[in-house]
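Asks: Task: produce atomic coordinates for the following.
(2 chains)
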There are 2 protein chains.
Amino acid sequence: MKVKSLASTPAVTAPPETPIREIAAIMVRRRIGLVVLTRSEELVGVISERDIVRAVAQDIDMAKPAETIATRHVVTIDAEADIKEAVALFRRHNIRHLVVVNKGQIYGVLSIRDLVREKELLAGLEEYATVQADALWIVGD
Amino acid sequence: MKVKSLASTPAVTAPPETPIREIAAIMVRRRIGLVVLTRSEELVGVISERDIVRAVAQDIDMAKPAETIATRHVVTIDAEADIKEAVALFRRHNIRHLVVVNKGQIYGVLSIRDLVREKELLAGLEEYATVQADALWIVGD
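Replies: Below you'll find the model as predicted:
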């Protein structure tokens, strides 16, 4: 399965000079955990929920431009890549979102939540918990 | 497998009058997504990362007491309950955290992330993606 078949598209983007507060409002309104900052369609950085919580902790003025707290080194993946490559990137970088690119342009965002929809994820976890319990039982036997 | 074997314990708690900004600092410092508000060891409410992002969007003063933005109706689960009950609650309420109680006292917090550690979750997702791909292939065949 390819990344492009599961990515949320188009990416929710905002100009780098957007106030942090407005980025938070976009996250709430769109029910997303990541906003992509772009300038003339070029990727400048990303802001996650966690980045906003960190800014609150550091008493940063929420009227400041988003780019002041953005993550600049964005992990991207090609829209044509296999989902397994995405899983490997989530794991290696310990992140929850990847920016998906297609022919050098921003295509969308892939989050762990997009990867499997909540219900399916939880059904999988339930199965996983059962498997784990069985495994523990075998080890303990 | 019981909830108590996977819950993070003890719960990270704070008094309801703690400033929102300090709650954000606790989340960053402890790398958690939920803080439990207690008064004399009684559960008053919870605050999630998302609650803080929403407060930023609404231009709420971060010096205000945490209880002003807390979620009051907290979903709890017994420490002795089976993991499957927790999975059912995550699904039914569309939440990421449960407060775990034991004999009427706060025992800890169970998050989807605690349920399966990142690596195991992602390994599961990888397997799941493969199963899904196979299923789609069968449907498409």
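Asks: which residue is nearest the middle of chain A?
Replies: A:His97 (1.9 Å; Cα atoms, centre = their mean).
Asks: Show me the beta-bridge partners of it.
Replies: With DSSP bridges as the criterion, A:His97 is bridged to A:Ser111.
Asks: For stretch A:59-68, what does the pLDDT average out to?
Replies: Mean per-residue pLDDT for stretch A:59-68: 97.
Asks: If we go by neighbour counts, what in it is buried?
Replies: In terms of neighbour count (16 or more other Cβ atoms under 10 Å in any protein chain shown), stretch A:59-68 has its buried residues at A:Met62, A:Pro65, A:Ala66, A:Glu67. For the C-beta atoms, the positions are set from N, CA and C on the backbone; glycine is no exception.
Asks: Adding secondary structure, write these out as CSV.
Replies: Conversion of these to CSV gives the following (DSSP: H, G, I helix; E, B strand; the rest coil):
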residue, secondary structure
A:Met62, coil
A:Pro65, strand
A:Ala66, helix
A:Glu67, helix
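Asks: which pair in those residues spans the largest distance?
Replies: Greatest spatial distance in the buried residues of stretch A:59-68: A:Met62 and A:Glu67, 13.8 Å, computed using Cβ to Cβ.
Asks: which residues of chain A fall in helices?
Replies: Using DSSP state H, the helices found in chain A span residues A:20-30, A:49-57, A:83-93, A:112-115, A:118-140.
Asks: ok, back up a step: the buried residues of stretch A:59-68: which ones sit near chain B?
Replies: A:Met62 (Cβ under 8 Å from any Cβ of the partner chain).
Asks: Tell me the one of the buried residues of stretch A:59-68 nearest A:Thr9?
Replies: A:Ala66 (21.2 Å).
Asks: check contacts around the closest one.
Replies: A:Ala66 makes contact with A:Ala14, A:Pro16, A:Glu17, A:Thr18, A:Pro19, A:Ile20, A:Glu22, A:Ile23, A:Val35, A:Leu37, A:Ile47 under the criterion Cβ atoms under 8 Å, 6 or more residues apart in numbering or on different chains.
Asks: Can you turn the buried part of those residues into a ChimeraX selection?
Replies: Buried subset of these, written as a ChimeraX selection, criterion 16+ other Cβ under 10 Å:
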select /A:14,18,20,22,23,35,37,47
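Asks: With pLDDT added, can I get the contacts of A:Ala66 in JSON lines?
Replies: Below are the contacts of A:Ala66 laid out as JSON lines (pLDDT from 0 to 100):
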{"residue": "A:Ala14", "pLDDT": "98"}
{"residue": "A:Pro16", "pLDDT": "97"}
{"residue": "A:Glu17", "pLDDT": "98"}
{"residue": "A:Thr18", "pLDDT": "98"}
{"residue": "A:Pro19", "pLDDT": "98"}
{"residue": "A:Ile20", "pLDDT": "98"}
{"residue": "A:Glu22", "pLDDT": "98"}
{"residue": "A:Ile23", "pLDDT": "98"}
{"residue": "A:Val35", "pLDDT": "97"}
{"residue": "A:Leu37", "pLDDT": "98"}
{"residue": "A:Ile47", "pLDDT": "97"}
